[in-house]
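Asker: For reference, the sequence and a predicted model appear below.
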Amino acid sequence: MYRTPWDLEDLVDLAEATGVTLAAAQAQGVLDLSTPSGRLAARIGAVVARNETEMRVERQVLGHQRRRESGRPFWSTRPFGFERDGRHREAEAEALRQAYRDVLAGVTLWSIAKDWNTRGLLSPHGKEWRSSNLRIVLLKPRNAGIQTYSQWVEKPDGKRVRRTEETGAGNWEAIVSEGIFRALVRYLSDPERNTGGGGKRKALLSGVVRCSKCQAVVTQGWSKKNAAGERYRIYTCSGGRCITCPADPLDSFVVRKVIDRAEEWNAAPATDAADEEREAELLAEETAASERRTALAEMFAVGDIDASTLRTGIGRCDADLTKIRAELADLASQRVRVDLGDIEYLWEELDYEDPDRIDYVRTVVMQVCERVELMPRGRGVRSFKGEHCRITYRNP
């Protein structure tokens, strides 16, 4: 009937208005709220119960704090890729490593989920993968060995939301590096990212090529019927239809250019010593910024600084962390490589009826090309020429 002292007062008012009598199921027996002694007994019980609630919450908070400080895993269910004690379940962990590389190289979540289901790599609950639940797993900081703490917070409008914060490194072995994880978070959070159509997309360069005028991505469409009543695929600027282009000639041109360039990728080393050294520096800077953030919170808790100083300091730390993590993501993205295989047969891999093959060719194109832009063809020009496409290549 009541769990707090103020709930009890509402009940007292109700009892006085209606003459209701409460019978407690525990040792208190009958609580007569119509008498002073009865109300006193009820109020004492409410205060004791409230104290127990507050002590329980304090014990839970201290328990979570000790777990955060120890860095040990605290998972209610076994997460994909791990055992409950933090060790890797190797088959799942290797699938996660490959998934991070594939997504950053342009492979769709749908294709990865389909591959996992085919191989029998189901979720810890025995369910098949979809793009949605695969995305959730890939965005888990624990895969990069990062510990998190979640709590319910109340927003200004009174609604309660669950907020998760990173609290530092866990004491379990990471499946992927923090740089790779940051790169994937940024990639999947990009609002302009084309997520495809559940494997039904048949356009090789849809969402890859951009309009040189407005920088919007191009998408697949269909031309108007010609004199023979036929239609053909075209690419159209999604920003305002300021540029269109026949799809097949553009596909052929880009793939031929990628074939010419990709041989350099097969011969180039995948890592760079300077990048690895810079990554180590960034990780040290990130740890220092996180520790400064924690120290500010502790100083505010004991009264050494006021709220204004806390907000200013936290803002600076968060800005530093954002900058550091963005550079980590950039370094990781540059090192992501896919096996280009027998690149001279790339065009033969393209089958518009097979989404998996289209994904493979798209992966190679996105690996080799940093940017592909569609240029204006000029008034009255119907045919496609190489000058109508501008490609900026990545460094191998």
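Answerer: Now that the structure is in, tell me what you want to look at. Numbering: from 1, shown residues only.

Asker: where do the helices sit along the stretch 1-150 of the chain?
Answerer: Along the stretch 1-150 of the chain, the segments classed as helices by DSSP state H, counting those that start in this stretch run 5-18, 36-70, 90-105, 109-119, 131-138.

Asker: So which of these is nearest residue 314?
Answerer: Nearest of the helices of the stretch 1-150 of the chain to residue 314, taken as C-beta to C-beta: helix 36-70 at 17.9 Å. No exception for glycine: its C-beta is placed from N, CA and C like everyone else's.

Asker: Quick one: mean pLDDT for the closest one?
Answerer: Regarding helix 36-70, the rounded mean pLDDT is 73.

Asker: please begin residue numbering at 423 from this point
Answerer: Sure, I'll start numbering at 423, so the last one becomes helix 458-492.

Asker: Mean neighbour count for the helices of the stretch 423-572 of the chain - can I get that in JSON lines?
Answerer: Formatted as JSON lines, those follow (neighbours: other C-beta atoms under 10 Å):
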{"stretch": "helix 427-440", "mean neighbour count": "14"}
{"stretch": "helix 458-492", "mean neighbour count": "13"}
{"stretch": "helix 512-527", "mean neighbour count": "18"}
{"stretch": "helix 531-541", "mean neighbour count": "18"}
{"stretch": "helix 553-560", "mean neighbour count": "16"}
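
Asker: These: which one's closest to residue 605?
Answerer: Going by C-beta to C-beta, the one of the helices of the stretch 423-572 of the chain nearest residue 605 is helix 512-527, 5.8 Å.

Asker: re earlier: any chance of the helices of the stretch 423-572 of the chain in a markdown table, plus distance to residue 739?
Answerer: Putting those into a markdown table (distance: least, C-beta to C-beta, whole Å) gives the following:
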| stretch | distance to residue 739 |
| --- | --- |
| helix 427-440 | 38 |
| helix 458-492 | 18 |
| helix 512-527 | 27 |
| helix 531-541 | 33 |
| helix 553-560 | 27 |
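
Asker: To residue 782, which of those helices lies closest?
Answerer: Proximity to residue 782, assessed across these by C-beta to C-beta, is greatest for helix 531-541 (8.9 Å).

Asker: helices or strands next to the closest one in the packing?
Answerer: Contact analysis of helix 531-541 by 3 or more C-beta pairs under 8 Å, 6 or more residues apart in numbering; DSSP states H and E lists helix 512-527, helix 553-560, helix 777-790 as its packing neighbours.

Asker: Can you check which of the ones you listed gets nearest to residue 627?
Answerer: helix 777-790 (7.3 Å).

Asker: what comes up buried for that closest one?
Answerer: The neighbour-count check on helix 777-790 (16 or more other C-beta atoms under 10 Å) flags 777, 780, 781, 782, 783, 784, 785, 786, 787, 788, 789, 790 as buried.

Asker: one step back: any idea which of the helices and strands packed on helix 531-541 has the lowest pLDDT on average?
Answerer: Among these, helix 777-790 scores lowest, at a mean of 75.

Asker: If you compare the directions of that one and helix 531-541, what angle comes out?
Answerer: Going by axes from the mean of the first three to the mean of the last three C-alpha atoms, to 10 degrees, helix 777-790 is angled at 130 degrees with respect to helix 531-541.

Asker: picking up where we left off before, export the helices and strands packed on helix 531-541 to a markdown table and tack on distance to residue 664?
Answerer: A markdown table is the format used below for those (distance: least, C-beta to C-beta, whole Å):
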| stretch | distance to residue 664 |
| --- | --- |
| helix 512-527 | 29 |
| helix 553-560 | 31 |
| helix 777-790 | 23 |
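
Asker: Quick one: closest of those to residue 658.
Answerer: helix 777-790 (18.2 Å).

Asker: List the buried residues of the very next helix or strand once past that closest one.
Answerer: Per DSSP states H and E, the first helix or strand lying C-terminal to helix 777-790 is strand 791-796. By neighbour count on 16+ other C-beta under 10 Å, the buried set for strand 791-796 is 791, 794, 795, 796.

Asker: following strand 791-796, which helix or strand comes up?
Answerer: Where DSSP H and E defines the elements, the next helix or strand beyond strand 791-796 is strand 811-815.
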